[in-house]
Structures are given as structure tokens and as C-alpha cells.
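*Asks:* My questions are about this predicted structure, shown below with the sequence.
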Amino acid sequence: MFGRPRISPVPWHPSPAPKGPDRQPIGEVRRLRVPGTGPEDTLVVGDRLYTGVEDGRILRLTLDGHRIDVVADTSGRPLGLEAYPDGRIVVCDAERGLLLLDPGAGAIQTLVPRGRHGLRICNNSAVAADGTIYFSDSTQRFDLEHYTGDLIEHSGTGRLLRWSPGGDVTVLLDGLHFANGVALAPDESFVVVAQTGSYELTRMWLTGPRAGQSELFGDVLPAFPDNLSVGTDGLLWIAMASLRKTALELTARLPWLRTAIWALPEALHPKPDRIVWARALALSGEVVHDLFGTDDDFFMVTGVREHDGCLYLGSLVSDAIGVIDLPT
């Protein structure tokens, strides 16, 4: 499946100085326990909360978590979830590809199967009003269970793609370092994709005089960004999965170190910190919220969804969805 690490160039950004005075405490993290592990992303539709767990099931919860229903089973590994204009749900499945789920009937339609157009890890998406879907393909080198291999290798094989309602698939950006979260500006003038491996967000303009051009969005991040979403507050929210790792920082400048880390048993590869971190940016790229805390039971925030003054947090490793109140 994978061999020795490739030696490829990677942008290196010094870790930004911590902005302690601007950081806000995360507060109490309430847990909505789910019957499964790894509710990686969350989606609020009306008064219901959706998530997917590692065995392939898509779950629907009341917002208080008291009732949980199994909506469907993808027989894969569902990651990002997004609402589709006709009431269905877009599911990015690492093993099945880009899917469309009817939550009422439980029927699943495959839009782009894994392997077609080179799709390997369909990770996260954003949906336009006309049904166009922008979605990420994290890496061409690894499957999800070995995602840390891509962070060590810095393969730069991630992509941002666009699926049109007619079925056409277009590669908008390639050469990305573990392409992850995707978000669309409310006016659909640009799309943003997270590059987990290079700690940054990349904006691609879709309309206007700069259409087709891409650039850094906001500042280089002090953590690994994961899923993105635009909240009901109009802010772009970033799930910050873990602090940057010194060993991985060095591999960007010292390629020989990749081989040394690669040779270690996977149990010794860098692990996520036990932190809870979510950051919100204005659409100009400025930081509005920077919520941070530590928790031994809920950590590795991979999904964030703002709804009605609350944040619903997904995690790749937990058995619960985290809920926090936004500071007033």
C-alpha cells in the first residue's frame, strides 16, 4: 500500500507565536454520547443533528442527544457532511467516495465513486445553491487509516475538486498538502480549502476579476486545521485538531528525517494533543473567535458547526459529539 517516503518539496512556515491574550477559554464541553466511535463531522438540519461514525452508519440526533436514530449505512467511512439544496445530505466517504443521502428513505446515491477521477480520500465538501459540490481529496498516497503517513511524507498530492449537477468533475487545485476542510463564501465568490499538512487555508476565487486565482486565506495556523464550515453567524469556523508537531516541522526542512520517523512503528508516530480548539474567521480573514481548552475525554476536534449560539464539535477519536456555548 505504501513504501518508503518520497522526498518532495514542501512549504515551511515557522510556528506562529501564540496569541494567548486573544485566546478565549473553551468553557464546559457537554457530550452527546453516540453508539459508535469517531463522529468526525456534524451537520445541523432543522432541529436534528447528523454525524457519521467509523463503522459506516449515519446517525441522526435530537439537539439534546436524547434520541438517536440510524439513518443509513454507507458500508464505508463517512467523514464530512453537508446539506444539499433538495433536502438530501452530501456525504464524503473515505472508502466509498462522494455520496448523496436521502435521510428519509435511507437511500444512498454515489456521485463519484472512490477510484474514479483518481479519488482516494473524499474528505469534506461545500455545496452551492445550484447543487454544485466542492470537495477535497486528501492524498493520492495513503488510505485514511494511514493518514499520518501523508503528514510525515508531505506528499503534496491533495486536490480540490468540483462536481457539477450534470455529473462533470473538475480539478480546481492540486499539489495540496493533505487537502481537508472545504467552505464556500455565502455569496459563492470564493471557496476555501484547508491544507492540514502545511497549516494553512487556501482561497480560490470563483467570480470576479481574480476568478481562478488562489492565495493564502488568513494567517498561517498554529495547529493542524481539519474540517471547515460557515456558521449561521456568517463566520468561517475551523476545527483545530492538534498542535503543530516539532518532528513534523523538521521534516519540512530536513527530508532525511522523514525516513527516520517513517521507520518507527506507527504507535510511535506523532499523536494528537488532548485539546479542544476551534477558531472563527471573518470572511476578510481576520480572527473573530479563538476558543481553546484541554480535556482528557474529548479531544482531536475534526468538525465544527455553529448553530444558534452553540458549537457542535466532531472528533475522529471520541465516542461523543462535543457541544459548547459561544461566549456572548
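*Replies:* Received the coordinates, thanks. Residues are numbered from 1 along each chain as shown.

*Asks:* give the contact list for the residue most central in space within the chain.
*Replies:* Closest residue to the average C-alpha location of the chain: residue 227 at 2.2 Å, with CA atoms, centre = their mean. Each residue near residue 227 by CB atoms under 8 Å, 6 or more residues apart in numbering is listed here: 40, 41, 80, 124, 180, 181, 194, 239, 302, 303, 304, 314. Any C-beta I mention is one placed from the backbone N, CA and C, and that applies to glycine too.

*Asks:* Quick one: the strands in the stretch 51-200 of the chain, in order.
*Replies:* 57-62, 68-73, 78-83, 89-93, 97-101, 108-113, 122-127, 133-137, 158-163, 169-176, 179-184, 190-195, 200-205 (DSSP state E, counting those that start in this stretch).

*Asks:* Then the stretch 201-328 of the chain?
*Replies:* Under DSSP E, counting those that start in this stretch, the stretch 201-328 of the chain gives strands at 214-217, 223-230, 236-243, 275-281, 287-294, 301-307, 310-315, 320-325.

*Asks:* ok now the last one, how far from the chain's centre?
*Replies:* Taking CA atoms, centre = their mean, to the nearest Å, the mean C-alpha location of strand 320-325 is offset from the chain mean by 17 Å.

*Asks:* Pop out the phi and psi values for residue 55.
*Replies:* Main-chain dihedrals, residue 55, degrees, to the nearest 10: phi -90, psi 0.

*Asks:* Any figure for the gap between it and residue 300?
*Replies:* Distance of residue 55 to residue 300, computed by CB to CB, to the nearest Å: 18 Å.

*Asks:* The two: which is more packed in?
*Replies:* residue 300 (25 against 15; other CB atoms under 10 Å).

*Asks:* quick one: low-confidence parts of the stretch 101-250 of the chain?
*Replies:* Where the stretch 101-250 of the chain drops to pLDDT under 70, the residues are 245-250.

*Asks:* Quick check: closest non-adjacent residue to residue 24.
*Replies:* Nearest non-adjacent residue to residue 24, counting by CB to CB, 6 or more residues apart in numbering: residue 291, 5.2 Å away.
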